[in-house]
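[1] heads up, no residue letters with this:
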């Protein structure tokens, strides 16, 4: 009887552990420039840190400037154990508020998306 109870407990705990891994998603944990923050100098790159490893091919950002025009980005790469998405932005961003819309695909195949703003105020 003890073996049956022990086996059932092991199976139950294993399925709970596996289900939490199976339902993991890449959530934005932080960014540079900071989410909702104000910077004195225009950034030359954006760094978005996620909770899970990302798939670079299906992860990206769209940056919109204070004039509502899209800001060109380039040279996207993953850093920090593939959990940080880095993209270059042109030097000399004008003062104002910028919106960053992001989408991410974690290595386990889950898609997430969101947005945040930061302000350049020299």
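    Noted; the coordinates are in hand. Just so you know, these numbers come straight off a predicted model, no measurement behind them.

[2] which stretches of this structure form strands?
    28-32, 38-39, 45-50, 60-64, 70-71, 74-79, 84-88, 96-105, 111-120 (DSSP state E).

[3] with mean neighbour count and mean pLDDT added, can I get those strands in TSV?
    Just so you know, the C-beta spots here come from the backbone N, C-alpha and C atoms, and that holds for glycine as well. TSV is the format used below for the strands of the chain (neighbours: other CB atoms under 10 Å; pLDDT from 0 to 100):
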stretch	mean neighbour count	mean pLDDT
strand 28-32	16	98
strand 38-39	14	98
strand 45-50	19	98
strand 60-64	17	98
strand 70-71	14	97
strand 74-79	12	97
strand 84-88	19	98
strand 96-105	18	98
strand 111-120	16	98
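
[4] now do the contacts for the nearest residue to residue 78 once chain neighbours are set aside.
    Using CB to CB, 6 or more residues apart in numbering and skipping the chain neighbours, the partner closest in space to residue 78 is residue 56 (5.2 Å). Applying CB atoms under 8 Å, 6 or more residues apart in numbering to residue 56 gives the contacts 76, 77, 78, 82, 85.
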